Structures are given as C-alpha cells and as structure tokens.
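Q: quick one, fold the following:
(2 chains)
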Amino acid sequence: MSDGVGPDGSAVALPVVDLRGVTKTYGHGDTAVHAVAGVDLVVRRGDYVAIRGASGSGKSTLMHIIGCLDLPSRGRYLLDGIDARLLDDRQQSVVRNRKIGFVFQSFNLIPRTTALANVELPLAYAGCPTALRRRLARQALERVGLADRMDHVPSRLSGGQQQRVAIARALVTDPVLLLADEPTGALDSRSTQDVLALFDQLNEAGRTLVVVTHEDEVAARAKRAVRLTDGVVVEDLRVAPVDGPPPGILAATAGTAS
Amino acid sequence: MNLVESSRLAVKGVLVNPLRSTLTTLGILIGVAAVIVLVAVGTGSSTAVQDQISRLGSNTLTVTAAQGGTGGRGGFAGRGGGFTGLRAVTRPAGSSPRIDTGTQTRLAQLTVDDAAALSDTAQAPDVVSVAPEVTARSVTATYEGAQHAVGTLTGTTPSYLVNDDDTVAAGSAFSDADYTGHRRVALLGTTVAADLVGGDGSDAVGKTIGLNGIDYTVAGVLASKGTVGPEDADDRVIAPLTAVQDTLSGYGSLDRISVKASSAATVDAATAEVEGILDARHRVTAADADFSVSSASSFLSAATSSNRTFTVLLACVAAISLLVGGIGVMNIMLVTVTERTHEIGIRKALGARRGDIVGQFLVEAVLLSVIGGLLGVLVGLAGSRFTIVGVRPVVAPYSVLLAFGVAAGVGLTFGLYPANRAAALRPIDALRHD
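A: Below is the predicted model of the structure:
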C-alpha cells in the first residue's frame, strides 16, 4: 500500500503528519542542545502511532512540534498539508484549534468550569454559535460515556473521568489528529484500560492518533511503534496495517472468538 | 470568541477570589468617591463665597484706605455732627509713608467728610447712598448676666441698611436724628439678640444692653441673613457711627465707606466718580492713590479664582488616589496572570488567539474598575450630602462623569499590560508553568 492512495482507491490522503529532517536545537554554539536531531516521520490518515522513548529522548519536544505548540529549528513539517513554519502566531492558534485535539497527562481541564463548558471551549475559540456548540459538546461527552457528568466541575470528577472529558474536548472539533502526551500517566490501571479502549474505538472509527508514552502497555495498543533515542528515530515497528482495526480490537475479538 | 464570552470569563475570574477583587475594587471606589466629594466641597465653598459676595449687592462699592493709610486712630481729633465733622488738622504721626510737603496737610485716611463729599449728587450723580463705617473690635454685649462676644460691631449711618440690603425684623432702624444726636441705640443681629434675651431674640427690642459696659438701647433686631460658609452673618451689632466713636472705637479714621450705585449698570461710572472726588480731596492721582474702590464683582472674581485654585488642588489629591487605585488594579491583574499562566497555556493549546486572551484579561480589569467606579459614584454622591468642614458640598455633574470615565480608563490602561503579557506567553512555556 502506498501513500497518496486512499483505502477506497481514490487519490488524496495527504499524510496527516509529514516531518522531513526536523531538528530542534536549544541554545547556541557549545552549549547547544539538540532535542530533536533530524527526524523523518510520516503518519497517514487512520494510523495509530505510539512514540516511545526515555525521558530526555526528545519525544516531548517532538510532540510539541507535531502539535504546533513549537516550531522546528530546521527541516519541514506539513500538518495535513499545511507548512507549519509558514504560520504566524495567529494562524498557529487556528491550526491547533481546527486540526489537532490535545490530550495531556495532567488532563489540563480549566478549573472551576463544568465538563460541558470545558468541552465547549475549543468551539468557542472557533467562533461556533452557542446552540451548535452545546449540542456538539453534549455529543462528545456522551461519546466518552459522561452523559451524566456534564455539569460537574473537574475537582468533582475522578482522574479517569477528567481524562475522558479531556478526550471529549479534543474530539469536539473533529480534528485530523488526536495528539496524546502520556495520556495514562496519571491514571490507575482501570481508568487506563477505559482510556485505551476509547482510543481503540476512535481509531477504528478512522481517527488518526499519535500517542507519546513510555509505557509498554500503551505502546502495545498502537498499530505502529516508533522509538526515539537522543532525538533520532531508532526503531519504527509496524504492528498492524493502517487501514485495519487497531491491535487492541483484534485481540478483543480474537479473545471472544476462542 | 466575542465580547459576551469574554465578559462571562471575566466575571468568573473576578468571582474566583472575592476578597481580592473586593479590595482592588475598593481602591478605585475610594479614588472615585474622593474625586466627587472633594470637587463637590470645592464647588460648594465657591458657591458659598459667591452667595456671600452677591449679598453685598451687585451695585455696592466699598472704599477702603490703601495699605499704610489705615490703622492710625489717636491723632484724629474729629468730633462730628452728621456729615459735618471737623477737618483733621494734624497729620497722624507714622500713619503714612508719604512725605509731608510742607504747608499742605494730606489726609491719608478716609474721613466722614470724604463720605459726605461722595453723597454730593452734582459730582457723583450715579451714587444713591453713602455709608461711612467704623468697626469696633472685641466688643462684648451683656444683658442681665447674659454675655455674648459680638462678631462684628459696625458704627455707621442709616444708609448702611440700604447698602447692605438689611431689613429690620423687629423694632425699628435708627434714624438720622439718632445719628446726629449721638444716641446710644443699637440694631442687633439675630444671633446676638437670641443669645442675650433667649427665644428668637425679638424680645430684645427696647431693652438696654451693655456693649463693653456702655448702655445701649436696642432699637431693633435685624432680619436673619443666615450662615454663609463658616461665618455667621447674624453675629453683629449696628449702631450710629457717632455713638460708636464716642464710646467704643475712638475718633479714628473710617474703616470703609460703602457706596451704592444707582444700578448695576452704573457701577463703573460711580466708581470713576468716587475715585475722582477722593483723588481731589486727597490730592493724589490714580497712580499714587491712598485708597481703593472695589465692587462686589471685583471681590467675586478674586474669590472665584482663589476658589478655582482650591478646587483644582482638591481634585489633584483625589486624582492621585484614583491613580493609586489604578495601580492596584494593575498589580492584581499581574498576580492573576501569573496565577493563571497554566490556564492560559491550556487555552492557547485549544486554539485561543492572542486577542482572545487579551480580551479576557482586559475585560476583567475593566470590570474591576467599572464596578469600583459605580460604587464610588454612589459613595461619592452619598458623602456629598453631608456638610464637610462647614461647607455644603455641591456635586458637579462633570466630576461624576469624569471620575467614572477615568476609572474605566484606568482599568483599560492598567489592564493592558498584564493582558498583553498573558497573551504573549508561549503556549509550551505557559503549559509547563504550575
């Protein structure tokens, strides 16, 4: 299967993420630190990629670049065909808003603000009318199984519930890429399973996922595992085809069948 | 994100820390209230002085001896009947800086004769009434054990009542006959009368009171003129000039001559006539005149300008407190931005643009100062209802609008820097911040 041709044979399908020789350097001269030292990475639509690496491997920096929170020092980055280096501050905001859904380790919900209002927030910044915004936010929360928790503020939700609110918030704008940074790092094992199951469902439904993690359990659910060491890709393992269901779903159906 | 959304976020932001918001608001409140109250006090005192002066009558002139020409008393051997007092023959020693030119004896002071000359209708056709005045100091009135320190005791002629717009509430005014006859009769202001005989003071008519121990018969009680500013206009006694000179003030020069012009329109003409007559009598010219003629309007303009200075000073003090309040808003907004850096990072990651962040914090700063401004207007208006240091404040509408406008502007100005600082944060830096 080659890039540029969709599963139905139609043309298109620009890769969602297209990194070419991307570097990120902090500091100058002798004290320069190469957090990302030349990464080529193409993530196609519908893929489920786990980026793994020890702390200091540059995976966080890479995630910031992929999320348009930071710009590469050198190299080219196309997000859904858009060259991130050509974007000004305002356009970067718009791209983050429309193209990317973020899920963070620490949930990063706005405190003292209800789950519903949190999920509405990206739509508010997109200038979406109130009624539509409310409807979409409700749908997203129902999707993650929190229909009965919409009016709760984050402090009254468990970690797993907060992370599901965050996922609903990441999905509500229907982004081309769901970018998760250690999404289960702050969760107990049961909530971790809930979140990973949710990711499986989302990917099966066609959502492109990039998950930065250091946990084997999380990486094992992805279709492709990329390992980063000292700012370069040292391993790129294809576990399951881009177009098929994620390994987690396969395992579950296999388990039921036997 | 529109203004309504920003406002909703701002209200939430203000409510997150009610105590802090209240204290910040208080700073603006005090500033705005201070501007309103202090400007009202300034305006009130200005109005009071204008009232006081306009009571002098807009067509009344006052002639006073120039500096250096007053104060001499002893050397003046005049004893007059009516307006025909003796000419002074000796020049009082040391009372005038001028050099005696030999045979001429100059009159450096105002005399009863000067007053008589001003009532010459041929030379001063625009003058309708002239009243010479002496003021006796430290006079104590007594009546059957009651004592009262008189504010002002004026010795004058019956014309004074015309010039001063006085009416007699009880009894009657003294007459020209009382004046020429050196009769010891007195007209009491209501404060003096009430203090001596109690009640509203009208019982004083016909009673014999002591003025510094000398018996005077009360001819009448003057109609009340009320309190003007810190001064009680009714704390006064009026008696014939002749009797006052006999018993209380001595035969010195006059303190003033009050002159009434026929109308407000002829004040300037009357002033010129008075100056002409006195120049001739005192053998001086306009350049070296030893007297000055002032009208109510000249007092008014002097008083108005001094009052304006006073009001401006008060307003400056108040403006400073408003500025301090504004700095308080800025301070709190900077703290808020620092505290909410992480939240700003989240918002930016979710697609908030610079303008969204600026809007949120700017509206919050303006909200704080507008609430403070509104409460300050209420407090200022309430505070202006009380009499402050003897002045009844008069709220100037412009001060309310100005103070409120400045408060809102202060919020905008002092909110701009913190809001921009928040918006300029890089999303990854803001997200890392805890």
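
Q: so where's the chain shaky on pLDDT?
A: No chain specified, so I'll use chain A. Where chain A drops to pLDDT under 70, the residues are A:1-12, A:255-258.

Q: nope, chain B please
A: Checking chain B against pLDDT under 70 turns up B:1, B:54-58, B:67-108, B:227-230.

Q: let's see it at 80
A: Low-confidence segments of chain B, defined by pLDDT under 80, span residues B:1-2, B:50-58, B:66-108, B:225-232, B:264-265, B:287, B:296-304, B:434.

Q: those helices in it, which residues are they?
A: Taking DSSP state H, the helices of chain B run over residues B:3-16, B:18-55, B:112-118, B:159-163, B:176-180, B:190-197, B:241-244, B:267-282, B:296-339, B:341-349, B:354-383, B:397-424, B:427-432.

Q: a markdown table for these, including mean neighbour count and distance to A:Pro246?
A: In this view, the C-beta of every residue, glycine as well, is placed from N, C-alpha and C. Output for these, formatted as a markdown table (neighbours: other Cβ atoms under 10 Å in any protein chain shown; distance: least, Cβ to Cβ, whole Å):
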| stretch | mean neighbour count | distance to A:Pro246 |
| --- | --- | --- |
| helix B:3-16 | 16 | 37 |
| helix B:18-55 | 21 | 49 |
| helix B:112-118 | 22 | 115 |
| helix B:159-163 | 21 | 108 |
| helix B:176-180 | 17 | 121 |
| helix B:190-197 | 24 | 101 |
| helix B:241-244 | 25 | 116 |
| helix B:267-282 | 18 | 103 |
| helix B:296-339 | 17 | 41 |
| helix B:341-349 | 24 | 25 |
| helix B:354-383 | 23 | 36 |
| helix B:397-424 | 20 | 39 |
| helix B:427-432 | 19 | 28 |
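
Q: looking at those helices, spot the one closest to A:His152.
A: Smallest distance to A:His152 across these (Cβ to Cβ): 16.4 Å, for helix B:3-16.

Q: what helices or strands is that closest one leaning on?
A: Other helices and strands packing on helix B:3-16, by 3 or more Cβ pairs under 8 Å, 6 or more residues apart in numbering or on different chains; DSSP states H and E, are helix B:354-383.

Q: elements contacting the helix it packs on?
A: Where contact means 3+ Cβ pairs under 8 Å, 6+ apart, helix B:354-383 is packed against helix A:89-99, helix B:3-16, helix B:18-55, helix B:296-339, helix B:341-349, helix B:397-424.

Q: and the angle for that helix with helix B:341-349?
A: Going by axes from the mean of the first three to the mean of the last three Cα atoms, to 10 degrees, helix B:354-383 is angled at 130 degrees with respect to helix B:341-349.

Q: returning to what we had before: can you tell which of the helices of chain B is closest to A:Arg74?
A: helix B:427-432 (18.3 Å).

Q: on that earlier part again, now render the helices and strands packed on helix B:354-383 as TSV, adding distance to A:Gln139.
A: As requested, those are exported to TSV (distance: least, Cβ to Cβ, whole Å):
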stretch	distance to A:Gln139
helix A:89-99	18
helix B:3-16	21
helix B:18-55	35
helix B:296-339	33
helix B:341-349	22
helix B:397-424	31
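
Q: quick one, which of these is nearest to A:Ile167?
A: Once the helices and strands packed on helix B:354-383 are compared by Cβ to Cβ, helix B:341-349 is nearest, at 14.3 Å.

Q: using PDB, list the CA coordinates for that closest one.
A: The C-alpha trace of helix B:341-349 is given here as PDB (Å, rounded to 0.1, in the frame of the first residue of the first chain):
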ATOM      1  CA  THR B 341      -0.400  31.100  33.400                       C
ATOM      2  CA  HIS B 342      -1.100  27.300  33.200                       C
ATOM      3  CA  GLU B 343      -4.700  28.000  32.300                       C
ATOM      4  CA  ILE B 344      -3.500  30.500  29.600                       C
ATOM      5  CA  GLY B 345      -1.400  27.700  28.200                       C
ATOM      6  CA  ILE B 346      -4.300  25.300  28.100                       C
ATOM      7  CA  ARG B 347      -6.400  27.900  26.300                       C
ATOM      8  CA  LYS B 348      -3.700  28.600  23.800                       C
ATOM      9  CA  ALA B 349      -3.300  24.900  23.100                       C
END
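
Q: at the geometric centre of chain A, which residue do we find?
A: For chain A, the residue nearest the mean C-alpha position is A:Leu179 (1.3 Å; Cα atoms, centre = their mean).

Q: quick one, what contacts that residue?
A: A:Met63, A:Ile66, A:Gly67, A:Ile100, A:Gly101, A:Phe102, A:Val103, A:Ala170, A:Val210, A:Val212 (Cβ atoms under 8 Å, 6 or more residues apart in numbering or on different chains).

Q: again, only this time at 10 Å
A: A:17, A:51, A:63-64, A:66-69, A:96, A:99-104, A:170, A:208-212, B:349 (Cβ atoms under 10 Å, 6 or more residues apart in numbering or on different chains).

Q: filter these down to just the ones in strands.
A: A:Val17, A:Ile51, A:Ile100, A:Gly101, A:Phe102, A:Val103, A:Thr208, A:Leu209, A:Val210, A:Val211, A:Val212 (DSSP state E).

Q: which residues are in contact with the residue in the stretch 301-434 of chain B that chain A sits nearest to?
A: Nearest to chain A, among the residues of the stretch 301-434 of chain B, is B:Gly351, at 2.3 Å (Cβ to the nearest Cβ). Residues near B:Gly351 by Cβ under 10 Å, 6+ apart: A:68, A:92-100, A:102, A:121-126, A:173, B:1.
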